[in-house]
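Visitor: Give me the fold of what follows.
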Amino acid sequence: MVNRGAVVDFYCQCCGADPGKQQVSAADVTCGECTASRPFARADIVNVTGCPGTGKSTVGRLLARRLGAEYVVVDTDMLNQSEDNVDEHTWATFIERLLQLGVCLAFSAHTLVLVGYSTPWQWDEQPLRHFLGEIHHLALVCSDDELGRRLSRRPWIDATERPGLLNLNRRFRTMDSIPRIDTTTAAPHDVADILIARIAAITGREPN
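Guide: Numbers count the residues shown, from 1 in each chain. Here you go, the predicted structure:
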C-alpha cells in the first residue's frame, strides 16, 4: 500500500485518483482519470548493493566525499530501523521510502546514490516504480572465504546468520543482469574509482 502521507503527492491533486492511474513522463504526470497534468521531474537513481560484508559502507563513505554536489549518497543502513526488517511487507515499505526520497531529490536536480542491500526485483515490485526513471544496480561481491573472514569480525552478526549471507553473496555473484565488482582483494579506494567511473558513465555527470 502506498503511503498517502508521502512528501511528494503521488495521488492526483485534482481528483485524488491513486498513483497507479498516473501516467508519468520525464517532465509531467497526467492523471488517467481526469486528465489533469502537472510538472514533474523523473530521475534515475544508482543503487550500490550486495551482501553485508562486501564493503558497501566503506566505499559509500568514499563516494560521499568524492562525488560532486549533484549527487546525494545515502547509506541505507543508517536509515534502516529494526521494524523495517520484520517481514517482506515491512521491508517493501522501507524500499518505498527510499524510492520517495529519489523522487524528491529529482526536483532539486540531484541524483540519489543508494548504498545498501536491496535487490532489483524488490524495486520492480514497488507500486510507485513508474515515478522513477532507470534504477542502475551495481553489486559488490567477494569470495566465500573472504566474506567469511569479514563476517567473523562482526560480533553483531550471529554465526547462525552467516550461511544465509554466504548464499546471498553467491546469488549476487551469479546475477548476470547487473554489473558486479569483486572486492575480494581490491582496496576500497580502487573500488570507489570503479564505481565513480561507472556512475559518471550512467549519469553523464563527471564528479567534481
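Visitor: Let's verify the residue nearest to Gly20 when sequence neighbours are not counted: helix, strand, or coil?
Guide: With CB to CB, 6 or more residues apart in numbering as the criterion, Gly20 has its nearest non-adjacent residue at 6.4 Å, and that residue is Pro127. In this view, the C-beta of every residue, glycine as well, is placed from N, C-alpha and C. At Pro127 the chain is in coil, as set by DSSP: H, G, I helix; E, B strand; the rest coil.
Visitor: wait, isn't Pro127 in contact with Pro19?
Guide: Yes. At 6.3 Å, Pro127 counts as touching Pro19 under the criterion of CB atoms under 8 Å.
Visitor: out of these two, which sits in the busier spot?
Guide: Between Pro127 and Pro19, counted using other CB atoms under 10 Å, Pro19 has the larger neighbour count: 19 against 15.
Visitor: Contacts only, for the more buried one.
Guide: By CB atoms under 8 Å, 6 or more residues apart in numbering, the contact set of Pro19 is Val2, Phe10, Tyr11, Pro127, Leu128, Phe131.
Visitor: Roughly how far does it sit from Gly102?
Guide: 15 Å (CB to CB, to the nearest Å).
Visitor: Likewise for Arg154?
Guide: Taken as CB to CB, the span from Arg154 to Gly102 is 29 Å.
Visitor: So for these two, which residue has more residues nearby?
Guide: With neighbours defined as other CB under 10 Å, Arg154 and Gly102 compare such that Gly102 has more, 26 against 12.
Visitor: Pull the residues that contact the helix or strand encompassing the more buried one.
Guide: Per DSSP states H and E, Gly102 falls inside helix 88-106. If you take CB under 8 Å, 6+ apart as the criterion, helix 88-106 is touched by 2-3, 6-8, 41-43, 45, 72, 74, 76, 79-80, 83-85, 111-112, 114, 118, 122-123, 125-129, 131-132.
Visitor: buried residues in that helix?
Guide: Within helix 88-106, the residues that count as buried by 16 or more other CB atoms under 10 Å are 91-92, 94-96, 98-106.
Visitor: what would these look like in a markdown table with distance to Arg149 and pLDDT?
Guide: What follows is the buried residues of helix 88-106, written out as a markdown table (distance: CB to CB, whole Å; pLDDT from 0 to 100):
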| residue | distance to Arg149 | pLDDT |
| --- | --- | --- |
| Trp91 | 27 | 94 |
| Ala92 | 32 | 94 |
| Phe94 | 29 | 95 |
| Ile95 | 30 | 96 |
| Glu96 | 35 | 94 |
| Leu98 | 30 | 95 |
| Leu99 | 34 | 95 |
| Gln100 | 37 | 92 |
| Leu101 | 34 | 92 |
| Gly102 | 34 | 93 |
| Val103 | 39 | 92 |
| Cys104 | 39 | 90 |
| Leu105 | 36 | 91 |
| Ala106 | 40 | 89 |
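Visitor: In a markdown table: the contacts of Pro19, plus distance to Lys56 and pLDDT.
Guide: Below are these laid out as a markdown table (distance: CB to CB, whole Å; pLDDT from 0 to 100):
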| residue | distance to Lys56 | pLDDT |
| --- | --- | --- |
| Val2 | 28 | 51 |
| Phe10 | 29 | 91 |
| Tyr11 | 34 | 92 |
| Pro127 | 26 | 94 |
| Leu128 | 24 | 95 |
| Phe131 | 25 | 95 |
